[in-house]
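Participant: sequence first, then the predicted structure, then my questions.
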Amino acid sequence: MRIPESELIINGDGSVFHLHLKPEQLADNVVLVGDPSRVDLCKVHLHSIECEGASREFHWATGRYNGKRITILSTGIGTDNIDIVMTELDALANVDFKTREVNPVHKSLNILRIGTCGAIQPDVPLGSFILSHISIGCDGLLNWYEDRDSISLLDFEEAFKKHVKWNRHLPDPYFVRGGQKMIDLLADVTVKGMTISASGFYGPQGRSVRLGLAMPDMLEDFESFAFGGYRITNFEMEGSALAGLSAKLGHNAATVCCAIAHRYHKAANTDYKPRVAELVMLCFERLSQL
């Protein structure tokens, strides 16, 4: 079936609409970062760079590390941007841009998001590398797609909503496992995480500046929630959409974050870039082994 021009926009140069990437420029191994400037931090560690580009908040570079081809791509902030990024990455991998038809053989991308986060458990120190074995979407994005229950941990969802007394005005949360291939890649050097993906930085993460909160006990309730051998370890803003859409689309994806703030201890580290650089190098080393 041919995909209409209105549903998948392809630029005049043959690149996909938002990312401005062409199919041949995308590697099978993809590192996602939020901040466009972090692409520069990452690409200096590549041993060679074959192409790069930018459009809006989407900056990218494709090169090689230890002979392994890797694309580094910034997403900007939020799950709405991940909706754009994952849809267009999948199209680059699995749609023929000339015929606008889905390729007969499916390609699975290896996608690792490297981010920063806020820890909420007292025994998880600042600077920890937290790997999201499970992502919790409080953003509602996955609910817009059919059959979201097929990849969701429904027993986790029900226990969570009951424990935190989920506000009826908020979208239903969803729980999705990260890709096992990516989890196996980093499990031995990271904290086992169950991560909240919030739809904002302030109120949706329990921060109150001048406005009151709909769930004022949210942080304490999140910290005390435990189910199926997991506890909530940290906040970030993109991982749930990445896990959910990747699972639906058949890609191997997970999120690993450096904890640069601690909500329980009310502490933060603004000089976090060297620690993030360590995480980048660790991820490149592991990806090069695939």
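Facilitator: All right, it came through fine. Remember, predicted model here, so these are calculated numbers, not experimental data.
Participant: quick one: Ile77 is in a helix?
Facilitator: No: per DSSP: H, G, I helix; E, B strand; the rest coil, Ile77 lies outside any helix segment and is coil.
Participant: so it touches Ala241, yeah?
Facilitator: No: using C-beta atoms under 8 Å, Ile77 is not in contact with Ala241, being 11.8 Å away. (C-beta placed from N, C-alpha, C; glycine too.)
Participant: which one of the two has more residues nearby?
Facilitator: Ala241 (28 against 14; other C-beta atoms under 10 Å).
Participant: the more buried one: what secondary structure?
Facilitator: Secondary structure state of Ala241, per three-state DSSP, is helix.
Participant: that one and Arg275: what is the separation?
Facilitator: 25 Å (C-beta to C-beta, to the nearest Å).
Participant: what sits against Val33?
Facilitator: Neighbour list for Val33: Val39, Cys42, Ile72, Leu73, Ser74, Thr75, Arg113, Ile114, Gly115 [criterion: C-beta atoms under 8 Å, 6 or more residues apart in numbering].
Participant: can you list the weak-confidence ranges in the stretch 151-290 of the chain?
Facilitator: For the stretch 151-290 of the chain, no stretch is flagged by pLDDT under 70.
Participant: what about the helices in it?
Facilitator: 154-164, 180-186, 218-224, 239-249, 273-287 (DSSP state H, counting those that start in this stretch).
Participant: count of neighbours near Gly179?
Facilitator: Using other C-beta under 10 Å, Gly179 has 23 other residues around it.
Participant: same question, the one 5 residues further on
Facilitator: A total of 12 residues lie near Asp184 under the criterion other C-beta under 10 Å.
Participant: residues in contact with it?
Facilitator: Applying C-beta under 8 Å, 6+ apart, we find Asp184 in contact with no residue.
Participant: try the one 3 residues further on
Facilitator: When contacts are counted by C-beta under 8 Å, 6+ apart, Ala187 is found next to Leu131, His133.
Participant: any idea how far it is from Gln180?
Facilitator: Per C-beta to C-beta, Ala187 is found 10 Å from Gln180.
Participant: Leu41 too?
Facilitator: Per C-beta to C-beta, Leu41 is found 28 Å from Gln180.
Participant: compare these two (neighbour count), which wins?
Facilitator: More crowded of Leu41 and Gln180, by other C-beta under 10 Å: Leu41, with 16 against 12.
Participant: list the contacts of the residue nearest the centre of the chain.
Facilitator: A centroid search over the chain (C-alpha atoms, centre = their mean) returns Gly239, at 3.2 Å, as the residue closest to the centre. Taking C-beta under 8 Å, 6+ apart, we find Gly239 in contact with Arg113, Gly115, Ser132, Ser135, Gly178, Thr195, Ser197, Ala254, Thr255, Cys257.
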